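**Student:** kindly generate the corresponding structure for this input.
(one chain, ligands or ions: 1)
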Amino acid sequence: MEISILGAGRCVTGSKFLLRTDKVAALLDCGLFQGPAEHRRRNWQPLPFAASRIGSVVLTHAHIDHSGFLPRLVRQGFAGRVFCTKPTKALLHVLLPDAAHINEEEARYANRKGYSKHAPALPLFRLADARAALRLLEPVPFQTWTEIGPGIRFRFHRQGHILGAAAVELETKVSGGQRKTVYFSGDVGRYGVPILREPEPYPGSDLLFLESTYGNRLHPGSDPREPLTDEIRAAIRRGGIILIPAFAVDRTQELLYMLSELMMDGELPNLPIYLDSPMGIETTALYSRATTEHDVEMRQLFSEEINPMLPPNLEVTPSSRDSRRLNALDGPAIIISASGMATGGRILHHLKLRLPEQQNTVLFVGYQAAGTKGRRLVEGEREIKIHGQWVPVHAQVRQISGMSAHADADELLVWLSRRDREPDRVCLVHGEYTVQQEFARRLTDELGWRVEIPDLGDTIRL
Ligand SMILES: [Zn+2]
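**Tutor:** From the prediction side, this is the model:
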């Protein structure tokens, strides 16, 4: 078997691994490249293998950098089977149409402004492609072997991270009837975070593809509930609106959980909370319904008929009319809206309205990538352009760290620590190259592993 690195090679997006034997061609993950333009351009490059000849795709989870190329693959002629977990399928029904919408919007915008190199600018894929991709999804239970070709089968293992996220264990027959296993970590989740069950440990394999996003970093040791409480108490004293930009998947649910817990415990007063994100509202409903994925504490709360993701003081505002009604709202009150880095979505309307007033607070609860409005605000810019208009920043802009869906370096080692056997080969993927080099040294020093860091286009032979 050959495994070619078509994405997430010495970078953190575009996860895509082409598996080939003389009888089978399959993709493990089918992600979009995101971030800087030179990365996003890779989404337009032809694949080294005809999409129509790929028989199946196995998806680890619904994040767009692992799934968002699927509509493009369908557009290029792929018509095979797409395996994922049931919650991943449900999330993709929300995320892929949204990704198509953003693509179509960007192409329209480029045409209006005339800045595209193509004339006219085309979207990478359209809503019809996303819908066609959704029709190919086949949910597979965790821990159940599924054949993807003669002598090749896989099964999913829970990985925490986000709802439905999995690691993939692949087993293939090699010459002489022997079996070899390849383990793809996908994105490794964290321990001791609310809502979802913990990652299942790595059991050992012949070959391991290991993510390394936070391979040289540790999340702060303190519980994010403490800074969250402090920031919200200070914001309440100012009396204004507390605006929290948050990703619709996972971060929004974790935030709602923590806020209701703090309010139930009397650490925070029972403020009104508004969830103003159509996608966040849908994904919160999915998180609530997926009871098989809930951890012990969540199951306990549910048995007492408490849903901390949908507390009684929460109001959801799905329609744009409901959303506009929030413009007349006086504080103190919390508005949670997407996107998490203020790159688009309804949060921009709220920022435009609330940033000029000093009693308001904008509270970021996650990493802000370079080049985003979120980053500019966190770095203290006093004026920011929203929808073509300069907006003065008089509101308090604050940030708390420690909320992440990715295991840090120590947690990755915990995930690896319960193995029954050593891997023969280890390939680091899904990380910045300098981070991967540091993490590779740590794996060599602490576990004695020889570690490879394959680049885009490299092929590993089993
Ligand atoms: Zn992910």
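**Student:** and stretch 106-114, how far out from the chain's middle?
**Tutor:** How far stretch 106-114 lies from its chain's middle: 27 Å, per Cα atoms, centre = their mean, to the nearest Å.
**Student:** buried residues in that stretch, which are they?
**Tutor:** The neighbour-count check on stretch 106-114 (16 or more other Cβ atoms under 10 Å) flags 106-107, 110 as buried. Bear in mind the C-beta positions are built from the backbone N, C-alpha and C, glycine included.
**Student:** which residues does it contact?
**Tutor:** Contact partners of stretch 106-114, identified using Cβ atoms under 8 Å, 6 or more residues apart in numbering, comprise 116, 120-123.
**Student:** so which of the residues you listed is the most crowded?
**Tutor:** Within the contacts of stretch 106-114, most neighbours by other Cβ atoms under 10 Å means residue 123, with 20 neighbours.
**Student:** isn't it right up against residue 130?
**Tutor:** No. Using Cβ atoms under 8 Å, residue 123 is not in contact with residue 130; the gap is 10.5 Å.
**Student:** report the set of residues contacting both of these two.
**Tutor:** With Cβ under 8 Å, 6+ apart as the test, residue 123 and residue 130 both reach residue 100.
**Student:** which bits of this protein sit near the ion?
**Tutor:** When proximity is defined as Cβ under 5 Å from the ion, the chain approaches the ion at 63, 187.
**Student:** what residue in the chain is the furthest from its centre?
**Tutor:** No residue in the chain sits farther from the centre than residue 176, which is 40.4 Å out by Cα atoms, centre = their mean.
**Student:** picking that back up, out of the buried residues of stretch 106-114, the closest to residue 139 would be?
**Tutor:** For these, the closest approach to residue 139 (Cβ to Cβ) belongs to residue 106, at 30.6 Å.
**Student:** ok, the closest one to residue 124 distance?
**Tutor:** Counting by Cβ to Cβ, to the nearest Å, the gap from residue 106 to residue 124 is 9 Å.
**Student:** also residue 166?
**Tutor:** 25 Å.
**Student:** these two: which is more packed in?
**Tutor:** Neighbour count, other Cβ under 10 Å: between residue 166 and residue 124, residue 166 has more, with 30 against 21.
**Student:** spatially nearest residue to that one (excluding sequence neighbours)?
**Tutor:** Once flanking residues are discounted, residue 166 sits nearest to residue 156: 3.8 Å by Cβ to Cβ, 6 or more residues apart in numbering.
**Student:** what do you get for residue 394?
**Tutor:** Per Cβ to Cβ, 6+ apart, closest to residue 394 is residue 358, 4.3 Å.
**Student:** so what's the residue count around residue 156?
**Tutor:** 27.
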